[in-house]
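S.K.: Give the three-dimensional model of this entry:
(2 chains)
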Amino acid sequence: MRFALRRLGFFVVTLWVALTLNFLLPRLMPGNPALAMLAKFHGQIGPGTLHALEVLFGVNTQQSLWSQYVTYLHHVFTLNFGPSLDFYPESVTSVIGSAIWWTLGLVGVATILAFVLGTGLGIVSAWKRGGRLDSVLPPVFVITSAIPYFWMGMVLVLIFGFTLGWLPTQGGYYVSTDSPGLNWIFFQDVLSHAVLPALALIITLIGTWILTMRNTMITTLAEDYVRMARAKGLPGRRIMLDYAARNAILPNLTGFAMSLGFVVGGAILIEYVFNYPGVGYMLLQAVQGEDYPLEQALFLLITVAVLVAILIADIATALLDPRTRTSG
Amino acid sequence: MSLPISGVPTAVDQPGQLPGAQPGAAGPGPAARQPTTHALTRMGRAIRSNRKATVGTVLLAIFLFAALFPGLIAKDDPGADAYQPKLGISTAHLLGTTAQGQDMWAQLVWGTRNVMIIAFVVGLAATGIAVLIGVAAAYLGGLWDGSLSLLTDVLLVIPLFPLLIIIAGYAHGGGTLVLILVITVTSWSYTARQLRSQALSLRRRDFLEAAKVRGERRLYIIVVEVIPTMTSLIVAAFLTNALYAVLFASSLQFIGLGNPNTQSWGTMLYWAQNEAALQTGQAMWAIAPGLCIALLGAAFALLNYAFDEIGNPALRPVRRRRRKRA
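M.R.: The predicted model follows:
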């Protein structure tokens, strides 16, 4: 219980830091970017909205920094991020609401697949230590883990998109011909548009899972209870899965719970390369279009997702492994 | 692992000797007084005997050479629009020319310098911060440890890349210096945490107790006794930070948040994407710089894994026992 409370406290502190960073950054940066943004959108938005934004970013107000801060916090906790400037007059919340599903679908599925495949390969690789799989996989994935994943995306686009012409390379569906909704053609198109970005993500994500699983598994295989199982003459599969892998999988599971949090903001550049209509691509658009309200809300969303995932990972670890409870 | 316990107050303790190799002794550090050449030979042997270390060192050496003497490898001016645009690969233009008529090979070679500067400056600076905070937290303990660890942990879980994007966006393409600053400030936390736990495990060691009994000042103990013992971990921290710096900086430059006029791999990718190089048959424009980023990143990663293996023999690849079966 104390452990859970402590993790909760950490969650709150980190959230507060992220909120405050979000508040202070535009005010601290040289050249007052908020002022430049407001000048750019002057005349395009109504005076009421303009005033609201001025308050939000602390421009032309007589309010003290502290009362600005209080107003800002109030806005955040009521999920009132104001209008998006790029998508004016739509509100930031509704703009994000339409983008998030694309990201959750694409990156979520890719993350789960990478975890399952990577952990499986790691188990087999450690079990058949020194075998063919084990001598090929680790060096290959040391290299793939250093590949910028947006570049992996570009290479896939080049090969399967432009050279072979097998798969579409841009967007989430055919914007001009598809009618989004529950119909078979739309579903097929969404799927075919997701293949390449998902593949790029899986290739770059899978290496870490393989390596951590392999390395913990190797340590576990040296334990006495594994030797005991061998001595008892248990079948190899049973030792591999029930004795070694089951105990070795904990770091990977914790990592997996955490990586679920990075689903929301973790594939920004992949979405950029593929013009995929998700949250990450939207963040870049917001930064380039100086749509600060949207940018701030997206950053908060991404941070909160990560924080929640870490909290869950901590609690799950404590539930799964009694050894961590006291030391935490 | 045998830690030297020095009873003589003036003697400088040698770094803790890991079996097999001492990666930290690689630098031209003045700390090792007598056996400089000896340590270097040992280092060389360790690199040669570990295949990952060999490959990593060779790759890093090639990129260092290109960064120091780009003029020797590529004769063209990377910025000059001197040629016909969109030429293919030929002996005159090893990678062809860009849509603006610049020689791509020259851009690639001259671009190495920017990436290497970012990698090494960020690597050193972030590692410096990490050592300072990690060791101070572990050694000072109490409230200091609490607050410094909290700072580290908070920074560790805040999603860095979105934060980087936002700061760089506010800064409006301030160029390499801004990139270095932003990446350094945000990326030290992971290594600081590792260094803290290592320093914590050192706290109770006899040679530190001895120093305390001798009446050495805290600063002296931290700088002369604790930090040299952690050299191998500090080198690993440098490699990790340098790898992150390369990836982060290139990514930011790729999306146009660096200065698009600097010569670097990330900006090459930015222009390639802007000019739709993949669609117009100029794939090299995007492939070459990306491959270089991957290779440089792999060099840092390989060296890191190699040091890990040297320090932790359990992870070393086992020899295949084919001969027995045959």
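S.K.: I'd like to know which residues of the stretch 1-150 of chain A are adjacent to chain B.
M.R.: Along the stretch 1-150 of chain A, the residues adjacent to chain B under the rule Cβ under 8 Å from any Cβ of the partner chain are A:10, A:13-14, A:17-18, A:21, A:25-26, A:29-31, A:33, A:129-131, A:134-135, A:138-139, A:142-143, A:145-148, A:150. Bear in mind the C-beta positions are built from the backbone N, C-alpha and C, glycine included.
S.K.: And the residues you listed, which of them are buried?
M.R.: Buried residues within the residues of the stretch 1-150 of chain A next to chain B, counting neighbours by 16 or more other Cβ atoms under 10 Å in any protein chain shown: A:10, A:14, A:17-18, A:21, A:25-26, A:33, A:129, A:134-135, A:138-139, A:142-143, A:145-148, A:150.
S.K.: name the element the residue at minimal distance from the centre of chain B belongs to?
M.R.: The centre of chain B sits closest to residue B:242, judged by Cα atoms, centre = their mean, with a distance of 2.4 Å. For residue B:242, the host element (DSSP states H and E) is helix B:231-254.
S.K.: Show me where the stretch 201-326 of chain B dips below the pLDDT cut-off.
M.R.: Within the stretch 201-326 of chain B, the set of residues satisfying pLDDT under 70 comprises B:310-326.
S.K.: typo on my end, the stretch 51-200 of chain B
M.R.: Judged against pLDDT under 70, the low-scoring parts of the stretch 51-200 of chain B cover residues B:80, B:82, B:86-88, B:91-95, B:99, B:101, B:173-174.
S.K.: wait, doesn't the residue nearest to the centre of chain B sit right on residue B:117?
M.R.: No - Residue B:242 lies out of contact with residue B:117 (Cβ atoms under 8 Å); the separation is 11.2 Å.
S.K.: if I pick whichever residue of the stretch 51-200 of chain B sits closest to chain A, what's in contact with it?
M.R.: Of all residues in the stretch 51-200 of chain B, the one sitting closest to chain A is residue B:169 (3.7 Å; Cβ to the nearest Cβ). With contacts defined as Cβ atoms under 8 Å, 6 or more residues apart in numbering or on different chains, the neighbours of residue B:169 are A:287, A:288, A:290, A:295, B:257.
S.K.: As TSV, those residues with neighbour count and distance to residue A:159 would be great.
M.R.: Below are the contacts of residue B:169 laid out as TSV (neighbours: other Cβ atoms under 10 Å in any protein chain shown; distance: Cβ to Cβ, whole Å):
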residue	neighbour count	distance to residue A:159
A:287	23	30
A:288	15	28
A:290	20	36
A:295	32	34
B:257	28	28
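S.K.: and the least confident of these?
M.R.: The member of the contacts of residue B:169 with the lowest model confidence is residue A:290, at 77 (criterion: pLDDT).
S.K.: Tell me the secondary structure at that one.
M.R.: coil (DSSP: H, G, I helix; E, B strand; the rest coil).
S.K.: Would you agree it is in contact with residue A:84?
M.R.: No - counting by Cβ under 8 Å, residue A:290 stays clear of residue A:84, with 11.6 Å between them.
S.K.: name the helices or strands packed onto the helix or strand just after the helix holding residue B:242?
M.R.: Proceeding N to C from helix B:231-254, the next assigned helix or strand is helix B:265-274, under DSSP H and E. With contacts defined as 3 or more Cβ pairs under 8 Å, 6 or more residues apart in numbering or on different chains; DSSP states H and E, the secondary structure elements packing on helix B:265-274 are helix A:149-156, helix B:104-140, helix B:231-254, helix B:284-311.
S.K.: From chain B, how far out is residue A:299?
M.R.: Applying Cβ to the nearest Cβ, to the nearest Å, the value for residue A:299 to chain B is 5 Å.
S.K.: and the residue nearest to the centre of chain B, what does it touch?
M.R.: Under the criterion of Cβ under 8 Å, 6+ apart, the neighbours of residue B:242 are B:119, B:120, B:122, B:123, B:300.
S.K.: Out of the residues you listed, which are close to chain A?
M.R.: On the criterion Cβ under 8 Å from any Cβ, residue B:300 are the entries of those that sit beside chain A.
S.K.: ok so, going back, in a markdown table: the helices and strands packed on helix B:265-274, plus distance to residue A:51.
M.R.: Written out in a markdown table, the entries for the helices and strands packed on helix B:265-274 read as follows (distance: least, Cβ to Cβ, whole Å):
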| stretch | distance to residue A:51 |
| --- | --- |
| helix A:149-156 | 39 |
| helix B:104-140 | 41 |
| helix B:231-254 | 34 |
| helix B:284-311 | 45 |
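S.K.: wait, which of these is closest to residue B:150?
M.R.: Between residue B:150 and these, the shortest gap by Cβ to Cβ is with helix B:104-140, which sits at 9.6 Å.
S.K.: at contact distance from chain B, anything in stretch A:288-296?
M.R.: Yes - Stretch A:288-296 lies within reach of chain B by Cβ under 8 Å from any Cβ, at A:288, A:290, A:295.
S.K.: Using the three-state scheme, assign the last one.
M.R.: Reduced to three states with three-state DSSP, the structure at residue A:295 is helix.
S.K.: Can you tell me the SS state at the closest residue to it other than its chain neighbours?
M.R.: Distances taken as Cβ to Cβ, 6 or more residues apart in numbering or on different chains put residue A:286 closest to residue A:295, at 4.2 Å, once the chain neighbours are dropped. When the structure is reduced to helix, strand and coil (three-state DSSP), residue A:286 reads as helix.
S.K.: My read is that residue A:286 contacts residue A:299, right?
M.R.: No - Residue A:286 is not in contact with residue A:299 according to Cβ under 8 Å; the separation is 9.5 Å.
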